[in-house]
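Asks: give me a model of this one.
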Amino acid sequence: MAIQKSNELIELIGLQRFYVESITNIMTETGKKWYDKEIGIAEEHMVTNIMKKIVEINNYKIEIKGLIEGVVVICNPEGDDHIMSNLVLEGLLKIRKYKVVNIGGNWYMGEKTKATNTAIIDYAIGTKPDIIFISVTIGRYLFNAKLIAEKLSKALPDTKVFLGGLGTQGIIEDELHEGIYLANKDTLNTLNTL
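Replies: Numbering: from 1, shown residues only. From the prediction side, this is the model:
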């Protein structure tokens, strides 16, 4: 039923508005309900999994015709699981005709943070992207995300590296290394400046 209703809403308002407005509102409301103990973790996971499935289905349907605008890598630092936002960002970029390489997800290697960082950095460099988005959900992972961003901006000086997500709240763009940009809280503003 959720897939059917989401298809009807997408038909009405378009995929971009559905991602930016509807998905964001549903996930925010679900998070608040879990935080306020109105729902349990099982219900929160169920909603997240349903919404993730809906986004994946719709991302798969996006056809990029003609020339691509560029190559984008989406990732997150070790320990920070930001799959849902990465999938939404992937869809919004595909709508704009970018080839997207999404390597975000569960990077948990315990004591091997340096090995994880190296894996993320090496893979991103190998794709020769025009843009890199590093998504940080939780503030404690920001330091690691900055390390990854700095190494990527040095290795790929012609690539724009963006840091974004809830974990970046409170940082000022002037504090960032040259070549690293703070993604605007309004995702569309950032995407419209690419």
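
Asks: just for this protein, where's the confidence low?
Replies: 80-82, 106-114 (pLDDT under 70).

Asks: centroid residue for it?
Replies: By C-alpha atoms, centre = their mean, the mean C-alpha position of the chain lies nearest to residue 86, the distance being 2.7 Å.

Asks: look up how far residue 4 lies from that one.
Replies: 25 Å (C-beta to C-beta, to the nearest Å). (Each C-beta comes from the backbone N, C-alpha and C, glycine too.)

Asks: for burial, what's the neighbour tally of residue 38?
Replies: 10 (other C-beta atoms under 10 Å).

Asks: which ones are touching it?
Replies: The contact partners of residue 38, by C-beta atoms under 8 Å, 6 or more residues apart in numbering, come to none.

Asks: confirm that it sits in a strand.
Replies: No. Read with DSSP: H, G, I helix; E, B strand; the rest coil, residue 38 is coil and lies in no strand.

Asks: I'd say residue 31 and residue 44 touch.
Replies: Yes. With contact defined as C-beta atoms under 8 Å, residue 31 and residue 44 form a contacting pair (7.3 Å).

Asks: so residue 176 touches residue 182, yeah?
Replies: Yes. Counting by C-beta under 8 Å, residue 176 touches residue 182, with 6.5 Å between them.
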